[in-house]
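Visitor: below is the sequence, then the predicted model.
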Amino acid sequence: MNKMYLVAILLSLSCCRQKAKKIQPVSGFQYETISDNPDMRTIQADKINDSILLSSLISGFDFIKLDTRNDKTLFGEITDLKVTDQQYVVFDKLSSSVLAYDKAGRYLFSISAGEKDSLNISSIDGIDTYDSTLYVYNGKAKEILCFDMSGHFLAKRSLDHIFQDFSVINNKEDLLLNTNKLINYVNEEGMILHDCTNLYLVESRGKDNAKLNFTKRYFPFDERVYPNGSMRVYINHPFSHFAHTTYYTIPLGDTIYSIFNNGKLLPAYHIDFREKKSSFVFGEHNGQEVVEYLKKNPEGAYMVSNFFETANWVHFSYMYNSQQYTGLYSKQSQKVISGKIVNDIFGVNFTFFGSDQNAMIGTIKPFQVKQLAKRVSELRIAPSTGEHLVALANKLRDIDNEIIVRCKLNSF
């Protein structure tokens, strides 16, 4: 799970932040104009610290052991984790399955590809939740399946286009689809058009088996710069939810956009690294040039990712001098913490990839918990927490599921 939000470099095509003057889409489709937002917040993250102790950021933490009572409750590795008011929903791409647990870690239900049942799911390639519904993407069949939060099937939505990630933005089940510069080919009145779109809004008609209709397109790209077949650089999981707002982070960019449930898109946050920002302008280079640049362990700050928000603070990750760093922004004090977090509490570094109320969420492997328990006297934790850690380690097997760690963030 620690690698979940690192930048992935895959063979296909490039996904870089664009400048408007560079964009010359050849398809002729209409794209939405992104208006300025007078309420956009600029986060000044240029005061970068190479060592921020985790103990200075949090007031406490909890371990949540996810149920492993039988083989059906076991998974390989957390690819994605959705947190609701009542549940943790795990997506494991290795086993192409989804497993739901309550907040105490008790197993509730699972959905798996390859099972011989009425749904006949051929693959599971992504998940999302919105209010009381779980959405599962079957990439092979190009469809999204809807379930209630008890795992009961509700409806199915068919798709024509290929995409990398998706997010549900309202109770009408309208979707955002991110392509990472993948060119879709559309048949319009007998002509094959190149659909060079980075982000789609599609309407769900609310009918079972209904096809989703593309209604808005954002962020066009130039296929002469990003043709299919070149290299692609992208960030995993560019979408996040807070309240009823969906956020989208453009890969290799420094702006986070908000998409409201009516489909209106506005820039919400700009991460300003000032003189610390990389001098390499990603949007002016093709995918191969970007990959070669990243291989050189470049200096400077770039590639904002892993954005999520709570009522009190905002979290984001970025690359700095070729290492992953973290930014935290207080919505109350407007203070910024920016730098490399060092886990001085229990010595295992992991990435925070989401929030549960006012806590940051990460995961840790069972064997790591056992190692911590052996040196509990060295850890900077309360005696009662140490006792809990030892008791947890005594119950764990190496094959058990990853442990969720909830770290309560101090006010700053």
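Guide: Here it is on my side, so go on. Predicted model, so just to flag it, every value in this text is computed and none were measured.

Visitor: could you use CA atoms for every contact and neighbour count after this?
Guide: OK.

Visitor: and the gap between the closest residue to residue 377 other than its chain neighbours and residue 372?
Guide: Using Cα to Cα, 6 or more residues apart in numbering and skipping residues adjacent in sequence, the residue nearest residue 377 is residue 386, 7.8 Å away. Noted for residue 386: a distance of 9 Å to residue 372, by Cα to Cα, to the nearest Å.

Visitor: and what about the residue nearest to residue 377, helix, strand or coil?
Guide: Classification of residue 386 by DSSP: H, G, I helix; E, B strand; the rest coil places it in helix.

Visitor: okay, now it: neighbour count?
Guide: Number of residues near residue 386 (other Cα atoms under 10 Å) recorded here: 19.

Visitor: low pLDDT regions in this protein?
Guide: Residue ranges of the chain with pLDDT under 70: 1-27, 205-211, 228-234, 283.

Visitor: show me the helices in it, by range?
Guide: 287-295, 366-374, 383-395 (DSSP state H).

Visitor: out of those helices, nearest to residue 33?
Guide: Residue 33 lies closest, by Cα to Cα, to one member of these: helix 287-295, at 25.4 Å.

Visitor: who does that closest one touch, helix- and strand-wise?
Guide: Counting contacts by 3 or more Cα pairs under 8 Å, 6 or more residues apart in numbering; DSSP states H and E, helix 287-295 is packed against strand 231-235.

Visitor: and the gap between the nearest residue to residue 339 once chain neighbours are set aside and residue 38?
Guide: Nearest residue to residue 339, sequence neighbours excluded (Cα to Cα, 6+ apart): residue 49, at 4.4 Å. According to Cα to Cα, residue 49 and residue 38 sit 30 Å apart.

Visitor: find the centremost residue of the protein, please.
Guide: residue 237 (2.8 Å; Cα atoms, centre = their mean).

Visitor: wait, doesn't that residue sit right on residue 167?
Guide: No: the pair residue 237 and residue 167 fails to qualify as a contact (Cα atoms under 8 Å) at a distance of 9.5 Å.

Visitor: so how far is the first residue of stretch 46-66 from its last?
Guide: Using Cα to Cα, the end-to-end distance of stretch 46-66 comes to 38 Å.

Visitor: run the chain-centre distance for that stretch.
Guide: Distance, stretch centre to chain centre, for stretch 46-66: 20 Å (Cα atoms, centre = their mean, to the nearest Å).

Visitor: same question, stretch 271-282
Guide: That offset, for stretch 271-282, works out to 22 Å (Cα atoms, centre = their mean).

Visitor: what lies in contact with it?
Guide: Stretch 271-282 is touched from outside by 16-17, 42-46, 252, 254-255, 290, 299-302, 304, with contacts defined as Cα atoms under 8 Å, 6 or more residues apart in numbering.

Visitor: go on, stretch 189-200?
Guide: So stretch 189-200 is contacted by 25-27, 29, 175-187, 214-223 (Cα under 8 Å, 6+ apart).

Visitor: just the buried residues of those residues.
Guide: 25, 27, 175-185, 214, 216-223 (16 or more other Cα atoms under 10 Å).

Visitor: out of those, list just those in strands.
Guide: Of the positions in the buried ones among the contacts of stretch 189-200, 175, 176, 177, 178, 184, 185, 214, 216, 217, 218, 219, 220 sit in strands, assigned by DSSP state E.

Visitor: ok, which pair from the residues you listed is furthest apart?
Guide: Applying Cα to Cα across these, the maximum distance is between 175 and 185, 19.6 Å.

Visitor: picking up where we left off before, leaving out chain neighbours, which residue sits closest to the residue nearest to the centre of the chain?
Guide: Residue 237's closest residue in space is residue 165 (Cα to Cα, 6+ apart), at 6.6 Å.
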